[in-house]
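Student: Fold the following, please.
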Amino acid sequence: KQCINAEYGGKRVDGQGAGRSPPVEDLSVKLSVKRGIEAKSYNDLAKAEKLKPMELELKKLEDLAEAIVSDFAYMKSREKLMRDTNESTNSRVLWFSIFSMAVLLGLALWQVFYLKRFFKAKKLIE
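Tutor: Reported below is the predicted structural model:
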């Protein structure tokens, strides 16, 4: 059993297996990933700061409240980014559809005048 606690994200290298025989084929790995408030070791914190059980619970609740506030701030920033992207996309679609309609109307008018001129040249209409 091995535990790796990391304060920051990034690549981790495990030194096991260096200079050893090849790994066994029937290997079972259980990976439990905890992040944020779940990964914090409150038992070590209680020992280091000599906290009473009630103070420890209050510290857990304080950290949980901070995590919730930061998650809501993150969600708010993501919502703003998504809303801006949505509005920008809607604006581009609107202008593209207006441009498409103008091109289609222009082509329709050109076709009418071209066919009218063609049939006059062939003397099918006056």
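Student: which ones are touching the residue nearest the centre of the chain?
Tutor: Nearest to the geometric centre of the chain sits residue 78, at 8.4 Å (C-alpha atoms, centre = their mean). By C-beta atoms under 8 Å, 6 or more residues apart in numbering, the contact list for residue 78 is empty. C-beta here means a position set from N, CA and C on the backbone, and glycine is covered the same way.
Student: Look at it and give its secondary structure.
Tutor: Of the three states, residue 78 takes helix according to DSSP: H, G, I helix; E, B strand; the rest coil.
Student: Just the pLDDT for it.
Tutor: With respect to pLDDT, residue 78 scores 97.
Student: same thing with residue 30?
Tutor: 76.
Student: phi, psi of it?
Tutor: phi -110, psi 120 (degrees, to the nearest 10).
Student: Checking residue 123 next. Helix, strand or coil?
Tutor: Once three-state DSSP is applied, residue 123 turns out coil.
Student: Tell me the spacing between it and residue 113.
Tutor: 17 Å (C-beta to C-beta, to the nearest Å).
Student: Between these two, which is the more surrounded one?
Tutor: residue 113 (10 against 7; other C-beta atoms under 10 Å).
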